[in-house]
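Participant: What would the 3D arrangement of this be:
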Amino acid sequence: MSWFEKLQKKWDVGPLRVILILIVFACTGFTVLFLKEPVLSMILPDGERSWLFTVAYYVLILPIYNVILLIYGFVFGQFKFFWAFEKRMFQRISKKKPS
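Facilitator: Okay, here's the model as predicted:
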């Protein structure tokens, strides 16, 4: 079984939806990548960034990433999938059992 078929089975979606979901993840990742440097430059100059600031950035990027993921999910018609994905992820983080 190929990785593509494994994703279809895991997410219980057809081939076109797998492609759209992967495109949403890719667009979200690139958007966060392109936003990182301008946002960091607005907060602190390049030479002033410490390891603590970098750790704080990665902690704070999680909610921003999730919002961007939902926006792209909406744009590509996959909002329902990504809304359920977000809920499962935060349930795992908070260690709550799904209801």
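Participant: Could you list the low-confidence segments of this protein?
Facilitator: Flagging of the chain using pLDDT under 70 yields the residue ranges 45-49, 96-99.
Participant: can we see that at 90?
Facilitator: 1, 33, 35-63, 88-99 (pLDDT under 90).
Participant: What ranges does it have for its helices?
Facilitator: Taking DSSP state H as the criterion, the chain contains helices spanning 3-11, 15-43, 51-75, 79-94.
Participant: Redo the ones you listed as CSV? Include mean neighbour count.
Facilitator: Bear in mind the C-beta positions are built from the backbone N, C-alpha and C, glycine included. Putting the helices of the chain into CSV (neighbours: other Cβ atoms under 10 Å) gives the following:
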stretch, mean neighbour count
helix 3-11, 12
helix 15-43, 14
helix 51-75, 14
helix 79-94, 13
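Participant: ok, the closest residue to residue 35 other than its chain neighbours to residue 13 distance?
Facilitator: Leaving out its chain neighbours, the residue that sits closest to residue 35 by Cβ to Cβ, 6 or more residues apart in numbering is residue 64, at 7.9 Å. The spacing between residue 64 and residue 13, counted by Cβ to Cβ, to the nearest Å, is 26 Å.
Participant: Same check on residue 44?
Facilitator: 42 Å.
Participant: which one of the two has more residues nearby?
Facilitator: residue 13 (16 against 12; other Cβ atoms under 10 Å).
Participant: ok, now which ones touch the more buried one?
Facilitator: Residue 13 is in contact with 21, 81, counting by Cβ atoms under 8 Å, 6 or more residues apart in numbering.
Participant: Might one say that residue 44 is in contact with residue 53?
Facilitator: Yes - counting by Cβ atoms under 8 Å, residue 44 touches residue 53, with 6.5 Å between them.
Participant: burial count for residue 78?
Facilitator: Residue 78: 20 surrounding residues under other Cβ under 10 Å.
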